[in-house]
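K.L.:
have a look at this fold, sequence not included:
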Ligand SMILES: NC(=O)C1=CN([C@@H]2O[C@H](COP(=O)(O)OP(=O)(O)OC[C@H]3O[C@@H](n4cnc5c(N)ncnc54)[C@H](O)[C@@H]3O)[C@@H](O)[C@H]2O)C=CC1
Ligand SMILES: O=C(O)[C@@H]1CCC=N1
């Protein structure tokens, strides 16, 4: 399978790194990026061909991955109109709907929306996928193969659910990093040096996430098991409850989903 990337930024580099780890040869991967330094970095690291604009060789791939920012997408797709054949096009852009992408590609419908996340950089991503109903099983399998190079994959039942995936796992690493930042702040306040505060916070997040992944019980049961009656955790959780922490996170995810829909509506009307 030959894969070409439109945009060679953070997410494209993570995907290319994952594919290289899975045994994809540099010769089967290509990138278009406007920035010379991004092109040079990707060629040097992974041996991929990187060009400034979509030429025939770049287009002659089985899968084209759209990895530019949503605001850059329409202009980036314009040079491709009328030049696509049977390629599967996989967009990882937040918000942008299949109808807008298809229109900007001159009516191409062999399209999949995917929403990965930055842990893809270390092969620990999770990606939501939704295919245009016209995409066949082979097309779905190809999209899944690309994204599973960097972690798990989940197919969703409706396109709207891609905005929900964006809100939970696409943006989610930022919520977790914020949580780590807060625990680190507390660690520093207690007098630990930066490295120790960081280690205590990060290992806690990592260990708890691994335990949650391995356990049969829901997270609520695992939480209760940490919480001794009249103990320290109870005091901490009472403070979180009075600060509305749980509801704030749910509201944050709702805001992310709403922003995804808004981006789609704003940009997709062109
Ligand atoms: N950063 C994240 O956590 C996630 C991002 N996404 C989506 O991935 C997409 C890419 O995001 P990042 O990699 O973070 O952005 P980025 O800004 O790192 O990469 C975009 C790249 O596209 C290039 N570019 C811009 N216009 C171009 C054009 N007309 N032709 C060719 N190349 C062009 C830029 O030079 C840049 O290198 C976005 O649509 C975003 O919504 C999806 C999941 C997670
Ligand atoms: O913030 C964003 O719009 C992108 C999509 C998911 C994560 N980052």
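P.N.:
Alright, I've got the coordinates. What you are looking at is a predicted structure, and each value in this text was computed from that prediction instead of being measured. Ligands and ions are numbered 1, 2, ... in the order given.
K.L.:
show me the contacts for the residue in the stretch 101-250 of the chain that ligand 2 sits nearest to.
P.N.:
Of all residues in the stretch 101-250 of the chain, residue 170 sits closest to ligand 2, at 3.4 Å by CB to the nearest ligand atom. Every C-beta, even on glycine, is put in place using the N, C-alpha and C of the backbone. For residue 170, the contacting residues are 94, 115-117, 128, 256, by CB atoms under 8 Å, 6 or more residues apart in numbering.
K.L.:
possible to save those residues as CSV with pLDDT, neighbour count and distance to residue 229?
P.N.:
Rendered in CSV, the data for the contacts of residue 170 read as follows (pLDDT from 0 to 100; neighbours: other CB atoms under 10 Å; distance: CB to CB, whole Å):
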residue, pLDDT, neighbour count, distance to residue 229
94, 96, 20, 44
115, 98, 29, 41
116, 98, 26, 42
117, 96, 24, 37
128, 98, 24, 39
256, 97, 20, 36
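K.L.:
near ligand 2 too, which of those residues?
P.N.:
Contacts with ligand 2 within the contacts of residue 170, as defined by CB under 6 Å from any ligand atom: residue 94.
K.L.:
related to what we said a few turns ago, okay, the residue of the stretch 101-250 of the chain closest to ligand 2: pLDDT?
P.N.:
Listed pLDDT for residue 170 reads 98.
K.L.:
for residue 270, same thing?
P.N.:
For residue 270, the model assigns a pLDDT of 84.
K.L.:
what is the nearest of the contacts of residue 170 to ligand 1?
P.N.:
Nearest to ligand 1 among these is residue 94, at 3.6 Å by CB to the nearest ligand atom.
K.L.:
now do the strands in the stretch 1-150 of the chain.
P.N.:
Assigned by DSSP state E, counting those that start in this stretch, the stretch 1-150 of the chain shows strands spanning 3-6, 29-32, 49-51, 63-66, 88-91, 111-115, 125-131.
K.L.:
partner strands of the fifth one, parallel or antiparallel?
P.N.:
Sheet partners assigned to strand 88-91 using DSSP bridges are listed as strand 63-66 (parallel), strand 111-115 (parallel).
K.L.:
ligand 1: which of these is closest?
P.N.:
Closest approach to ligand 1 among the strands paired with strand 88-91 is made by strand 111-115 (5.7 Å; CB to the nearest ligand atom).
K.L.:
enumerate the residues of this protein near ligand 1.
P.N.:
So the chain meets ligand 1 at 6-12, 32-35, 38, 67-70, 72, 75-76, 92-94, 115-118, 170 (CB under 6 Å from any ligand atom).
K.L.:
residue 153 belongs to a strand?
P.N.:
Yes - inclusion of residue 153 in a strand is indicated when DSSP: H, G, I helix; E, B strand; the rest coil is applied.
K.L.:
is ligand 2 contacted by stretch 151-168?
P.N.:
Yes - Stretch 151-168 comes into contact with ligand 2 (CB under 6 Å from any ligand atom), by way of residue 166.
K.L.:
now do the same end-to-end measure for that stretch.
P.N.:
16 Å (CA to CA, to the nearest Å).
K.L.:
what are the buried residues along it?
P.N.:
In terms of neighbour count (16 or more other CB atoms under 10 Å), stretch 151-168 has its buried residues at 151, 153, 156, 159, 161-168.
K.L.:
need the max-distance pair from these.
P.N.:
Greatest spacing in the buried residues of stretch 151-168, by CB to CB: 151 and 159 (21.5 Å).
K.L.:
taking the stretch 1-150 of the chain, what residue is nearest to ligand 1?
P.N.:
Relative to ligand 1, the nearest point of the stretch 1-150 of the chain is residue 9 (1.8 Å; CB to the nearest ligand atom).
K.L.:
count the neighbours of that residue for me.
P.N.:
The number of residues packed near residue 9 is 17, by other CB atoms under 10 Å.
K.L.:
check the offset of the lengthiest helix in the chain from the chain's centre.
P.N.:
Secondary structure of the chain read by DSSP state H shows that its longest helix is helix 245-268. Counting by CA atoms, centre = their mean, to the nearest Å, helix 245-268 is centred 15 Å from the centre of its parent chain.
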